[in-house]
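Q: sequence plus the predicted model coming up.
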Amino acid sequence: MVFFSQEKKAVDEELARLLMSIANQMGQFIAREFAEEAHEKIGKELALILDSTSEGIYGVNLAGAITTTCALMALPIPPLNVLSLAC
């Protein structure tokens, strides 16, 4: 396959569609990677904030389990409900 030529040639529509499809998929992949990295970064920052706060703030997931261990100091809860063990 040659993409460079001195002669002017007709556009191969099938090849153009194929290259646009590949470029579109690559763009979607890159966008997903950036979104996943941003999501992980925000999650880590939120965990740091919640784990560093020992008074008044604690994390609870939708199942009702405590997600921050600093809450153990303030709340009388059984250890089985704790998801994160670092404070």
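A: It's in.

Q: okay, now the unreliable bits of the chain?
A: 1-3, 53-58, 66-87 (pLDDT under 70).

Q: mind doing that once more with 90?
A: 1-12, 43-87 (pLDDT under 90).

Q: all strands of it, in order?
A: Under the criterion DSSP state E, the chain contains no strands.

Q: all helices for it, in order.
A: Secondary structure of the chain by DSSP state H: the helices cover 13-52.

Q: neighbours of Asp51, how many?
A: 19 (other C-beta atoms under 10 Å). Every C-beta, even on glycine, is put in place using the N, C-alpha and C of the backbone.

Q: next one: Ala47
A: By other C-beta under 10 Å, neighbour count at Ala47 equals 15.

Q: could you do Gly59 as well?
A: 19.

Q: how near is it to Ser52?
A: 12 Å (C-beta to C-beta, to the nearest Å).

Q: could you do Glu36 as well?
A: 25 Å.

Q: thanks again, I'm all set now.
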